[in-house]
Each structure stands twice: as C-alpha cells, then as structure tokens.
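Colleague: model this:
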Amino acid sequence: FEIQNAYATVMQEIQEYLYLSRTDILEIHNTVSFVDWLDALNGELSNAHNYYSFKVFDTYPWVKLYISDDSILLNQLLVGKLKHYSQKFSCILNTIILLENIKFESSHDLSDTFIRIPGRWTFDGYGHTIDLGGNTSWGGLIQDMGNDTSDNRITINNVRIVNGKLNTSESGCLIRHEDKITQIQYLNINNCSNTCDIIGVNAGGLIGLHAGISGEVNITNCYNTGNINAQYAGGLVGGFAGYKYGVVNMKNCYNTGNITDNQAGGLVGTEAGKQYGEVNITNCYNTGNIDASGAGGLVGAYSAIDNG
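Modeller: Below you'll find the predicted structure:
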C-alpha cells in the first residue's frame with residue numbers, strides 16, 4: 001500500500017512539474033544527447049519499461065528514470081551480487097526502495113556487493129531485513145557518491161542488517177568505507193539496526209571511521225546488538241566521529257552488544273569529537289558488558305581530545 005502511494009506521488013509530480021510524457025520521450029529518443037546518455041548506461045529505451053520522464057534545464061539535459069523493477073538506472077546503482085536481486089528493489093523519486101527481505105548464502109563473496117547512492121538520494125528499507133547468511137566478507141551495504149555538502153545529504157531509513165560479521169576495518173555494516181577515501185560528511189540515518197558482530201578495527205554497526213568529518217551526521221532511533229570485538233570500534237559509529245569540526249548527533253539509540261576490545265564504545269568508537277568536533281548523544285543507553293581497557297558504554301577512549 002505504501003509503495004502504491006509512492007507511485008501515485010510520482011505521477012502527480014510528473015504532471016505538476018511538467019515532465020515530458022512517455023510520448024514526448026519517444027519523439028525525442030533520436031536526439032544526440034538522449035542517445036548518448038542511454039549509450040553511457042549500456043541500455044536502450046526499448047529494454048526498459050513502465051514510464052520515464054526527463055526535463056531540460058537551460059542547455060543541459062537532466063534525465064530521471066522511474067521504474068518499478070529491474071531497470072537501466074537501478075542496475076547502475078546495484079553492484080556485484082546485488083544485481084541478481086534487482087527485482088527486490090525499486091527506484092522512485094530519487095529513492096531506492098527495498099521491496100522485500102534479502103538473504104545471502106554463506107558461500108557468497110559479498111566484498112563487492114553494495115549500492116551506490118548519489119547525493120540527495122534516499123535509501124528506504126521499508127523495515128525489511130538483509131540477512132548475510134553468516135557471511136564474514138561483508139563490507140557495508142551503501143557507498144555514497146557525493147555527500148560533501150549539506151545540500152547533497154544522503155538519507156537512509158528503515159533497514160536491518162543481520163546474521164554476519166563485519167570484518168572490514170574502518171567500515172560500517174550499513175555504510176561502507178572505501179580505501180580511506182570515502183568521507184561520510186552529510187548523512188541522516190533513521191530507524192536502522194545491526195545485529196552483526198563487529199570485528200574490524202575502527203568499524204561500526206552503521207558507520208565506520210570518520211562519521212561526520214567536517215560535516216554533520218544525524219542518527220535517530222537506531223540500535224546495535226552485535227558484539228564489538230575490535231579496537232577503536234563502536235556499536236553504531238566507529239572511531240573519530242565528528243572529526244575536524246564535524247558533528248554527530250545521536251538520539252534515541254542503544255547498544256546491547258558486549259564490548260571486548262580496547263578503546264571501543266557501545267555507541268561510538270575511539271576519539272569521538274577530535275579536533276574541534278562534536279558528538280551529541282541524547283536519550284541513549286548501553287547494556288552490553290564492558291571487558292576491555294579504555295572501553296566505554298557510550299563512547300570509547302580519548303573522546304573530545306584535541307579541543308573536541
């Protein structure tokens with residue numbers, strides 16, 4: 001029912017904002033800019049289905065594709081094994097929707113299995129679960145493609161990651177961290193959870209290293225139940241949260257996983273708020289056991305260091 005309402009919203013916006021109709025697009029199909037765009041995606045208009053819309057701003061074509069299932073755009077955003085599950089996703093109004101639960105086999109190599117999210121986009125799991133099948137090669141569900149300004153903020157809602165182990169250092173079960181290059185600057189996460197054990201250094205149940213670096217990350221109504229068995233890691237966010245004038249706001253969140261490695265935290269890892277950063281934790285708690293040097297129920301060691 002909710003998804004049907006979303007499609008109704010799409011159709012209404014197309015009419016209100018004067019997007020071109022399907023007939024208009026078929027007539028314009030042979031223009032150079034549109035053909036080049038399709039070629040770049042290795043697809044043809046006839047291979048897609050349902051309806052399309054695009055609009056021209058000044059001299060630059062801006063194309064949006066709204067599809068109910070497997071489509072050109074969706075397959076560009078899904079990477080690795082997730083392409084085999086494309087029927088479980090939908091693309092609507094700059095939002096990727098997970099239509100049903102996904103369960104991977106333990107034999108799958110999930111190291112290159114993730115979704116790319118462009119700036120200003122939303123991923124909505126609609127309360128569905130991604131079951132890793134006991135896999136230990138998981139490196140995170142979502143890779144951002146540009147959240148370097150507040151206007152390009154990415155939003156992640158309503159998804160659960162279960163039954164695996166995060167063995168990738170500096171990454172999160174929800175948000176991946178690629179080769180120390182990815183900067184998680186502007187991001188909202190709402191109603192998400194992780195139950196996987198965290199065994200990667202500086203990793204986190206949702207986000208790994210440098211959450212909110214020189215930016216702002218808001219985490220609301222989220223929890224972790226996975227055990228935290230890695231140095232500097234956190235139940236929800238890894239080390240150096242809010243680094244370099246950044247801000248991480250966490251509200252109504254909790255951790256029940258046990259904390260068994262040095263300088264880790266139940267919610268946030270080591271050195272939270274370092275170098276003039278802020279980590280604001282409101283109405284949150286930890287019930288996990290703490291059995292490690294420098295570890296904390298909410299944050300790890302050296303929080304607010306260097307003028308944080």
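Colleague: Quick one: low-confidence residue ranges for the stretch 151-300 of the chain.
Modeller: 178-183 (pLDDT under 70).
Colleague: just the strands in it please.
Modeller: In the stretch 151-300 of the chain, strands defined by DSSP state E, counting those that start in this stretch lie at 154-166, 186-190, 193-194, 197-198, 216-220, 223-224, 247-251, 254-255, 278-282, 285-286, listed in chain order.
Colleague: want to try a markdown table for these, with mean neighbour count and distance to Gly234 as columns?
Modeller: The way it works is simple: take the backbone N, C-alpha and C, and place the C-beta from them, glycine included. Converted to a markdown table, the strands of the stretch 151-300 of the chain look like this (neighbours: other C-beta atoms under 10 Å; distance: least, C-beta to C-beta, whole Å):
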| stretch | mean neighbour count | distance to Gly234 |
| --- | --- | --- |
| strand 154-166 | 22 | 12 |
| strand 186-190 | 23 | 13 |
| strand 193-194 | 25 | 11 |
| strand 197-198 | 28 | 8 |
| strand 216-220 | 22 | 11 |
| strand 223-224 | 26 | 8 |
| strand 247-251 | 21 | 10 |
| strand 254-255 | 24 | 8 |
| strand 278-282 | 17 | 10 |
| strand 285-286 | 18 | 11 |
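Colleague: out of the ones you listed, which comes closest to Asp148?
Modeller: In terms of C-beta to C-beta, the element of the strands of the stretch 151-300 of the chain nearest to Asp148 is strand 186-190, at 7.3 Å.
Colleague: Please enumerate residues in contact with that closest one?
Modeller: 144, 147-150, 152-158, 174-175, 206-207, 211-212, 215-222 (C-beta atoms under 8 Å, 6 or more residues apart in numbering).
Colleague: among the strands of the stretch 151-300 of the chain, which is nearest Phe104?
Modeller: It is, among these and with distance given as C-beta to C-beta, strand 154-166, at 8.3 Å.
Colleague: The closest one pairs with which strands?
Modeller: Paired strands of strand 154-166, with direction, are strand 122-138 (parallel), strand 186-190 (parallel), strand 193-194 (parallel), strand 197-198 (parallel) (DSSP bridges).
Colleague: Report the buried residues of the first one.
Modeller: So the one you mean is strand 122-138. When burial is assessed from 16 or more other C-beta atoms under 10 Å, strand 122-138 yields the following buried residues: 122-125, 128-133, 135, 137-138.
Colleague: of those residues, closest to Ala264?
Modeller: Comparing the buried residues of strand 122-138 against Ala264 with C-beta to C-beta places Trp138 closest, at 18.9 Å.
Colleague: quick one: contacts for the closest one?
Modeller: Taking C-beta under 8 Å, 6+ apart, we find Trp138 in contact with Leu110, Ser111, Thr113, Leu132, Gly164, Lys165, Leu166, Asn167, Thr168, Cys173, Cys196.
Colleague: TSV please, covering those residues and showing distance to Leu236.
Modeller: What follows is those, written out as TSV (distance: C-beta to C-beta, whole Å):
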residue	distance to Leu236
Leu110	21
Ser111	22
Thr113	22
Leu132	18
Gly164	16
Lys165	17
Leu166	12
Asn167	18
Thr168	16
Cys173	10
Cys196	12
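Colleague: Tell me the one of those residues nearest Gly294?
Modeller: So of these, ranked by how close each gets to Gly294 (C-beta to C-beta), first place is Leu166, at 20.8 Å.
Colleague: Who is that closest one paired with across the strands?
Modeller: When bridges are called by DSSP bridges, Leu166 pairs up with Trp138, Ile198.
Colleague: roughly how far apart are the one residue sitting closest to the centre of the chain and Leu206?
Modeller: Central residue of the chain (C-alpha atoms, centre = their mean): Ile142, 3.9 Å from the mean position. Between Ile142 and Leu206 the computed distance is 10 Å (C-beta to C-beta, to the nearest Å).
Colleague: So for these two, which residues contact both of them?
Modeller: When contacts are counted by C-beta under 8 Å, 6+ apart, Ile142 and Leu206 have Leu174, Ile175 as shared neighbours.
Colleague: Please write out the alpha-carbon positions of stretch 232-241 in PDB.
Modeller: C-alpha atoms of stretch 232-241 as PDB (Å, rounded to 0.1, in the frame of the first residue of the first chain):
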ATOM      1  CA  TYR A 232      38.600   1.600  18.500                       C
ATOM      2  CA  ALA A 233      35.200   0.400  17.100                       C
ATOM      3  CA  GLY A 234      31.700   1.400  18.100                       C
ATOM      4  CA  GLY A 235      28.300  -0.200  18.200                       C
ATOM      5  CA  LEU A 236      26.800   2.300  15.800                       C
ATOM      6  CA  VAL A 237      29.700   4.500  14.700                       C
ATOM      7  CA  GLY A 238      33.400   3.800  14.500                       C
ATOM      8  CA  GLY A 239      36.400   5.900  15.500                       C
ATOM      9  CA  PHE A 240      37.000   9.600  15.100                       C
ATOM     10  CA  ALA A 241      33.300  10.600  14.800                       C
END
